[in-house]
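K.L.:
Quick one, structure for this:
(2 chains)
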Number of protein chains: 2
Amino acid sequence: MKIGMSHGAGGEVMGKLISETILNNITKKEVNGGIGLDSLDDGATIPLGNHEIVVTTDGHTINPLFFPGGDIGRISAAGTINDVSVMGAKPLAITNAMIIREGFDIDDLDKIIKSLNETCMECDVGVIAGDTKVMEQGKIDELVMVTTGIGIVEKGKAVRDSTLQVGDKIIITGSVGDHGMSLMSFREGFGFETDLKSDVAPMWGIVEKALEIGGVTAMKDPTRGGLSNAINEMSNKSNVGVLLQDELIPVKEQVKAVSDMLGIDPYEVANEGKVLMGVKADLAEETLKAISKDKYGKEAQIIGEVTNDKHVLVETPVGGVRILEAPIADPVPRVC
Amino acid sequence: MKIGMSHGAGGEVMGKLISETILNNITKKEVNGGIGLDSLDDGATIPLGNHEIVVTTDGHTINPLFFPGGDIGRISAAGTINDVSVMGAKPLAITNAMIIREGFDIDDLDKIIKSLNETCMECDVGVIAGDTKVMEQGKIDELVMVTTGIGIVEKGKAVRDSTLQVGDKIIITGSVGDHGMSLMSFREGFGFETDLKSDVAPMWGIVEKALEIGGVTAMKDPTRGGLSNAINEMSNKSNVGVLLQDELIPVKEQVKAVSDMLGIDPYEVANEGKVLMGVKADLAEETLKAISKDKYGKEAQIIGEVTNDKHVLVETPVGGVRILEAPIADPVPRVC
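P.N.:
Numbering: from 1, shown residues only, chains lettered A, B, ... in the order given. As a prediction, this is how the structure comes out:
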């Protein structure tokens, strides 16, 4: 059996590979009773004294390296900061391992590191360790970056993706599909003007504001496989259903246009600057208001609620209801 | 200016790239007053309560993936465990990010993960988080693994590579050059029988035994650039000299033979299961004895001492003395 592109695309096929080839082979999947590998959450935790150390790692193979709204440096920093943040932890530092192709332009590397640094500085995150490897021409496609994030949360306060409660409201912090669809249209070069940009951004500011209100029950970073994948994971793991209102889910006009043209569902493509969260119903409006004060949260919306059904359903304005399935894989490859 | 293979080979050229393109662009290189990026030590630390969290990251691009004595799974686990260990910290967990080529055999991946797991279990280390990405054929050479290690040490007890003291003895925990030379001869396929094997192994057992004696002043993991690179880094950073005794440095007969044939200095090639340490003179024999009890420490030797000179010198049995320079780069590419 051979690896296919869908094994890395964040959907069901990838889930099976991880479960059979990785989880089955690892003996010690957690440390000191923390959140471990088999939770398949956005990060793991190691309890230590009154804290939990939150750890998360991410490989970045995005193509192209520079794209509208960002580059591999920004996405590496933001992606890792976001995974730590949605665990409810303050991101403290990242490590950065780079595998660079022989012949790669050092000026481009310089731009990428500057961008990584700027993104980290938005959240006062340090870059404390790294590694650099070089591979021969033809052995690697330009540059791969792997960032690992370290954060800290009070013991027992880590936020899971598996703890939605019936009655919770679902909040998305902004429009969905921007990253995947902008990348797709940039790559395809449709030949018409578009100012569609990736949403790539660090989310700790938003998460911190939301946590202060005290009603957040669950969070997830809706990257590969988009909103559909993230909400299905949350729903399955929490053993609850979700009812979303189609007209409340923010989708930019241009994203809609490109999606229609390409026949790709914007709910299924990656976001790189959004948080999906469950919030206690009585604190949902206040949480939304807090999020909206953040520069990255102006289009945040309450998009639905948690039910005691077993599916994720989407209701259309005219009253139709459809099941929102987890995608087999993200329809846009090499998206992060 | 373009990236060359030597930019990833652990020598002076790589040092310049890291200093100019990475360190210069990162604003926050340390967190909470811990050991940070600009120390260029084997790992970084984040002080937290009575502890320091030790963090280290490593990209593995070794070619071929399976080699005599190990595979990319074992080297990924051991390399990271070793970087944490030489900081004087107990390794608790690693994360594992994989970038896999489309078409890669899942049975091979299975073997690699099993090997990673076995290596971790030698030191009771968990694998708590991971990431999987897939790149198209022609965009990556089979498989790259990036592991990040998390360890814990009592506050203020982290061991540096920059704290050698004049009068300290230098201990190497076994023969040098095994990994690099075995990999080189395996790749070249000389057509004669050799049982030369990589030394790849996790070193926490040895380090723990050495630390218990209480005399360790400095440690380093002598990987890329080998003994020459590691001892020069320790000497430069500590602002001391080192005098090594050539006949005391353990080199296997077969490593010598291959080295002579290829004209490669075994002191300059990578080790993956050795620790280089400075130890207080009055505790050196006792430390050596403790190390020798470990299964990976049977060939450990006191190989020299720290001087108030500024160079690393090697004395031959007939009384000649030469300067041991840091190599420009590891003479064997894609060695880890």
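
K.L.:
what's near enough to touch residue A:266?
P.N.:
A:176, A:177, A:180, A:181, A:226, A:251, A:255, A:256, A:259 (C-beta atoms under 8 Å, 6 or more residues apart in numbering or on different chains). Where C-beta positions appear, they are placed from N, C-alpha and C, glycine not excepted.

K.L.:
Leaving out chain neighbours, which residue sits closest to it?
P.N.:
residue A:177 (3.1 Å; C-beta to C-beta, 6 or more residues apart in numbering or on different chains).

K.L.:
Which of the three states applies to the residue lying closest to residue A:70 once chain neighbours are set aside?
P.N.:
Leaving aside its sequence neighbours, residue A:70 sits nearest to residue A:200 (C-beta to C-beta, 6+ apart; 4.1 Å). Following DSSP: H, G, I helix; E, B strand; the rest coil, we place residue A:200 in the coil state.

K.L.:
which residues pair with the residue of the stretch 101-250 of chain A found nearest chain B across the strands?
P.N.:
With C-beta to the nearest C-beta, the shortest gap between the stretch 101-250 of chain A and chain B falls at residue A:134, namely 3.0 Å. Beta-bridge pairing of residue A:134, defined through DSSP bridges, involves residue A:100.

K.L.:
circling back to that earlier point, list buried residues within the contacts of residue A:266.
P.N.:
A:176, A:177, A:180, A:181, A:226, A:251, A:255, A:259 (16 or more other C-beta atoms under 10 Å in any protein chain shown).

K.L.:
OK, contacts around the fifth one?
P.N.:
What that stands for is residue A:226. Counting by C-beta under 8 Å, 6+ apart, residue A:226 makes contact with A:176, A:177, A:180, A:265, A:266, A:267, A:268, A:269, A:270, A:271, A:327, A:330.

K.L.:
Pull out the buried positions in stretch A:113-128.
P.N.:
In stretch A:113-128, counting by 16+ other C-beta under 10 Å, buried: A:113-117, A:119-123, A:125-128.

K.L.:
Of those, which belong to strands?
P.N.:
A:126, A:127, A:128 (DSSP state E).

K.L.:
who's in contact with the second one?
P.N.:
Contact analysis of residue A:127 by C-beta under 8 Å, 6+ apart lists A:93, A:94, A:95, A:96, A:116, A:117, A:120, B:26, B:28, B:29, B:37.

K.L.:
pretty sure the first one belongs to a helix, no?
P.N.:
So the one you mean is residue A:93. No: counting by three-state DSSP, residue A:93 is not part of a helix but strand.

K.L.:
quick one: low-confidence ranges for the stretch 101-250 of chain A?
P.N.:
The stretch 101-250 of chain A contains residues with pLDDT under 70 at A:190-193.

K.L.:
how about the residues of it near chain B?
P.N.:
A:101-107, A:109-110, A:113-114, A:117, A:120-121, A:124-136, A:138-141, A:144, A:146, A:148, A:150, A:152 (C-beta under 8 Å from any C-beta of the partner chain).

K.L.:
Please indicate which of these are buried?
P.N.:
Applying 16+ other C-beta under 10 Å to these flags A:101-102, A:104, A:106, A:109-110, A:113-114, A:117, A:120-121, A:125-135, A:139-141, A:144, A:146, A:148, A:150, A:152 as buried.

K.L.:
Next, format the buried residues of stretch A:113-128 as CSV and append distance to residue B:242.
P.N.:
Shown next, in CSV, are those (distance: C-beta to C-beta, whole Å):
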residue, distance to residue B:242
A:113, 33
A:114, 38
A:115, 40
A:116, 36
A:117, 36
A:119, 41
A:120, 37
A:121, 39
A:122, 44
A:123, 42
A:125, 37
A:126, 32
A:127, 31
A:128, 28
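
K.L.:
Can you flag which of these belong to helices?
P.N.:
Among the buried residues of stretch A:113-128, the residues falling in helices (DSSP state H) are A:113, A:114, A:115, A:116, A:117, A:119, A:120, A:121, A:122.

K.L.:
just to revisit the earlier point, residue A:106 is in contact with the residue of the stretch 101-250 of chain A closest to chain B, correct?
P.N.:
No: if you go by C-beta atoms under 8 Å, residue A:134 and residue A:106 don't touch, sitting 11.7 Å apart.

K.L.:
what touches both of these two?
P.N.:
Joint contacts of residue A:134 and residue A:106 (C-beta under 8 Å, 6+ apart) are residue B:3.

K.L.:
Quick one: residues contacting residue A:217.
P.N.:
A:159, A:163, A:164, A:165, A:168, A:277, A:278, A:279, A:280.

K.L.:
Now with 10 Å, please.
P.N.:
A:159-160, A:163-165, A:167-169, A:238, A:277-280, A:283, A:306 (C-beta atoms under 10 Å, 6 or more residues apart in numbering or on different chains).

K.L.:
same question, residue A:267
P.N.:
Per C-beta under 10 Å, 6+ apart, neighbours of residue A:267: A:176-177, A:222, A:225-231, A:244, A:246, A:249, A:251, A:259, A:314, A:324, A:327.

K.L.:
same question, residue A:253
P.N.:
A:175, A:196.

K.L.:
Which parts of the stretch 201-336 of chain A are strands?
P.N.:
Counting by DSSP state E, counting those that start in this stretch, one finds strands in the stretch 201-336 of chain A at the ranges A:216-220, A:241-245, A:276-279, A:301-307, A:312-315, A:321-323.

K.L.:
any idea of the mean pLDDT for the longest one?
P.N.:
When pLDDT is averaged along strand A:301-307, the result is 98.

K.L.:
by contact count, what packs against that strand?
P.N.:
Judged by 3 or more C-beta pairs under 10 Å, 6 or more residues apart in numbering or on different chains; DSSP states H and E, the packing partners of strand A:301-307 are strand A:169-172, helix A:226-238, strand A:241-245, strand A:276-279, helix A:284-292, strand A:312-315.
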